[in-house]
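*Asks:* Okay, sequence plus prediction incoming.
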Amino acid sequence: MKASKKKSGFICQHCGYWVSKNQFIGTHFRNHCPNCLYSKHLDEGKSGDRQALCRGLMEPIGLTFKHEGVDKYGHPRQGELMIIHHCSQCGDFSINRLAADDQTEMVMLIFKQSTDLPSDIKKTLQAQDIELLNDKNEAEIKNQLFGKKV
């Protein structure tokens, strides 16, 4: 094996968990810890570009659904569940796909805690067209996480 070959993972800067860059997790670019769901501010314009200069720790603050457009009848299509991250250094927000190995208990904890976010953060998310999920979305969240209607 060549010495220049990239490592197959990283250590989470929030919880210290070893994060494997497993190719079977359901995402193309691993950008958060499956244990605590924290991320690092690496991407600037698009997923995987690794162009951000900030490199701050990104806290998971809530959940949203990916915008999937509308069906042929004009009804919005339900997108996949995504994590909303907030950079502790520069204040940017980003959304990221969940991965197959993410801890569902932590996903649900972040969802529950998101109801207590300050109103200025909620307004900023709304201004950026990021819909913060709330209690009315809980059944669909559980359906996507656990594969059953509740």
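*Replies:* Yes, it's here.
*Asks:* And the strands in the chain?
*Replies:* Using DSSP state E, the strands of the chain run over 9-11, 18-20, 39-40, 57-65, 81-87, 93-97.
*Asks:* what sits up against the fifth one?
*Replies:* Meaning strand 81-87. Here strand 81-87 makes contact (CB atoms under 8 Å, 6 or more residues apart in numbering) with 32, 37-39, 41, 54, 56-66, 92-98, 107, 110, 114, 121, 125, 130, 132, 141, 144-145. Where you see a C-beta, it was placed from the backbone N, CA and C, and this is true even at glycine.
*Asks:* Tell me the strands beside it, with direction?
*Replies:* According to DSSP bridges, strand 81-87 forms sheet pairs with strand 57-65 (antiparallel), strand 93-97 (antiparallel).
*Asks:* ok, now the first one?
*Replies:* In the sheet containing strand 9-11, the strands it pairs with under DSSP bridges are strand 18-20 (antiparallel).
*Asks:* List the buried residues in the partner strand.
*Replies:* Neighbour counts over strand 18-20 (16 or more other CB atoms under 10 Å) mark V19 as buried.
*Asks:* Please shift the residue numbers so they start at 521 in all later answers.
*Replies:* In the new numbering, first residue 521, that becomes strand 538-540.
*Asks:* any idea of the mean pLDDT for it?
*Replies:* Strand 538-540 shows a mean pLDDT of 85.
*Asks:* can you list the residues that contact it?
*Replies:* Contact with strand 538-540 is made by S528, G529, F530, I531, C532, R550, C553, P554, N555, as judged by CB under 8 Å, 6+ apart.
*Asks:* comparing the strands paired with strand 601-607, which gets the lowest mean pLDDT score?
*Replies:* Minimum mean pLDDT among the strands paired with strand 601-607: strand 613-617, a mean of 90.
*Asks:* Would you map the helices across the protein?
*Replies:* Assigned by DSSP state H, the helices in the chain fall at 624-633, 639-647, 658-666.
*Asks:* residues touching V627, list them.
*Replies:* For V627, the contacting residues are L557, L583, L601, I603, L618, I661, L665, by CB under 8 Å, 6+ apart.
*Asks:* farthest-separated two in the residues you listed?
*Replies:* Distances among the contacts of V627 were taken as CB to CB; the most separated pair is L557 and I661, at 14.1 Å.
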